[in-house]
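J.: Could you work out the structure for the sequence below:
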Amino acid sequence: MERFGDKTLEECLESSLIDYLLKTKTGSMTAVRRNVLQMIIFLFGKETTGEYGFIYSHKEDIAVQQKRYIIFSYLFLEALMKTGISDKAIVTHNNLWSQHLQHLANCGNEKAAKQYIRILEDREETDFNIKRFQHQLKTMNLATGEDDEKTEKGEMKIIKFRCRRPNLCERIAMKLKKLF
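T.: As a prediction, the model looks like this:
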């Protein structure tokens, strides 16, 4: 883990991503919704989180790829929050994501990799999962009564997130929200 001051790079990315999601509506994320969901899945997905947060692979070459993804995601998110993001950065981010999916498939998680591909290909499912994660963050924020998702000890809470397909009632609600 690379340390920046008193935080690791993973913690910096997590706090930046949470801050971005709490302040931004999904409608204004038009070009980068998929990339934002990729970061959510990578950092908070049940395949990559453990008891204490994000877990690197035990294989060194894969851990290096994961570190690259985290570093690039952090830079991607910082550029996104400041001005805008270039098409080249989006392509690079997607290439790093495909390496992660390949790692999941090689480790026996083909089902999870296929599910992520399906969810990320469908725009409505991508929006749905981002909104679910934002809602989860807001409810945790309201429950703790704090602004920065910290416990009394000053540690980040571990948020495990599982992407899923919206059920029938949720699909109808999404269609009605678009209509009215």
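J.: Quick check: which element contains the one residue sitting closest to the centre of the chain?
T.: In the chain, the centroid-proximal residue (C-alpha atoms, centre = their mean) is Ile40; its distance is 0.9 Å. Assigned by DSSP states H and E, Ile40 falls within helix 33-44.
J.: for the spatially closest residue to Gln66 that is not a sequence neighbour, phi and psi?
T.: The shortest distance from Gln66 to any non-neighbouring residue, by C-beta to C-beta, 6 or more residues apart in numbering, is to Tyr56 (5.5 Å). Placement of C-beta: from N, CA and C, glycine included. When read as degrees, to the nearest 10, the backbone of Tyr56 gives phi -80, psi 160.
J.: and if you look at Thr49?
T.: phi -110, psi 150.
J.: Skip the chain neighbours and tell me the closest residue to it.
T.: Lys160 (5.3 Å).
J.: got the contact list for the one you found?
T.: Neighbour list for Lys160: Phe44, Gly45, Lys46, Thr49 [criterion: C-beta atoms under 8 Å, 6 or more residues apart in numbering].
J.: residue contacts, Gln65?
T.: Gln65 touches Leu96, Gln99, His100, His103, counting by C-beta under 8 Å, 6+ apart.
J.: can you list those in JSON lines and add secondary structure, neighbour count and distance to Gln66?
T.: Below are the contacts of Gln65 laid out as JSON lines (DSSP: H, G, I helix; E, B strand; the rest coil; neighbours: other C-beta atoms under 10 Å; distance: C-beta to C-beta, whole Å):
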{"residue": "Leu96", "secondary structure": "helix", "neighbour count": "20", "distance to Gln66": "9"}
{"residue": "Gln99", "secondary structure": "helix", "neighbour count": "14", "distance to Gln66": "9"}
{"residue": "His100", "secondary structure": "helix", "neighbour count": "22", "distance to Gln66": "7"}
{"residue": "His103", "secondary structure": "helix", "neighbour count": "19", "distance to Gln66": "8"}
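J.: where along this protein do the helices fall?
T.: Secondary structure of the chain (DSSP state H): helices located at 9-23, 33-44, 60-82, 87-106, 110-121, 123-144, 168-179.
J.: Compile those into TSV and extend it with columns for mean pLDDT.
T.: Listed next are those as TSV, based on pLDDT from 0 to 100:
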stretch	mean pLDDT
helix 9-23	88
helix 33-44	90
helix 60-82	88
helix 87-106	88
helix 110-121	88
helix 123-144	82
helix 168-179	76
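J.: Just name the most buried of those helices.
T.: helix 33-44 (a mean of 22; mean count of other C-beta atoms under 10 Å).
J.: picking that back up, out of the contacts of Lys160, which two sit at the greatest distance?
T.: Spanning the widest gap among the contacts of Lys160 are Phe44 and Lys46, at 8.4 Å by C-beta to C-beta.
J.: shared neighbours, the two?
T.: Lys160, Phe161.
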